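Student: Build me a structure from this.
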Amino acid sequence: MTTSYDNSKLRSYTFPLRDFGAGANTTEVIAPPLTGRDTGGAGTGARGRVRGYTIMAITEDFVGTTSSAGVSVGDGTTAGLYFNDGLPLDSTVDVGESLYVLDNGSAVDIPGGETSIKVTFTQGVGGTITGIGTVILDIEWFDI
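Tutor: Predicted structure coming up:
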């Protein structure tokens, strides 16, 4: 008998040219894949876990003098419930570079049955806030 972890699939979600200095945090919604597709059932939202994200194709240096920018994943009520990166996109992330941010130990499983999850792109705080780049979010889904 297989367990749910034997049937996992890593999916990447691309968010092109996110502006982390646009004046406010922005969000996107992801619909989890459905379980039971291989057996013909309609299923429910699969369980999953955020593995990390890549910031690449950076077209504007990241700046935030009080706090840095970052990405979090939650349920729509709590922004960092499933993944909170600790806001690592600081002034050391510049045009032409890329950065892969792994789970820093704060990630928890996305429970089954969810109909959507929310990705929040948190801008930096303080000074002249800037930072534009493409974000690729990696989520491992189970039982799909």
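Student: So S72: helix, strand or coil?
Tutor: Following DSSP: H, G, I helix; E, B strand; the rest coil, we place S72 in the strand state.
Student: can you count the residues close to the closest residue to P111 other than its chain neighbours?
Tutor: With C-beta to C-beta, 6 or more residues apart in numbering as the criterion, P111 has its nearest non-adjacent residue at 6.2 Å, and that residue is R47. Glycine gets a C-beta too; all of them are placed from N, C-alpha and C. Burial of R47 is recorded as 21 neighbouring residues (other C-beta atoms under 10 Å).
Student: In the protein, what residue spans correspond to strands?
Tutor: 9-19, 26-30, 47-63, 70-74, 83-84, 99-102, 117-122, 130-142 (DSSP state E).
Student: Point out the most buried one among the ones you listed.
Tutor: strand 83-84 (a mean of 24; mean count of other C-beta atoms under 10 Å).
Student: Each with direction, which strands does it pair with?
Tutor: When pairing is defined by DSSP bridges, strand 83-84 lines up against strand 70-74 (antiparallel).
Student: what about the partner strand, distance to the chain center?
Tutor: Centroid displacement of strand 70-74 relative to its chain, using C-alpha atoms, centre = their mean, to the nearest Å, is 5 Å.
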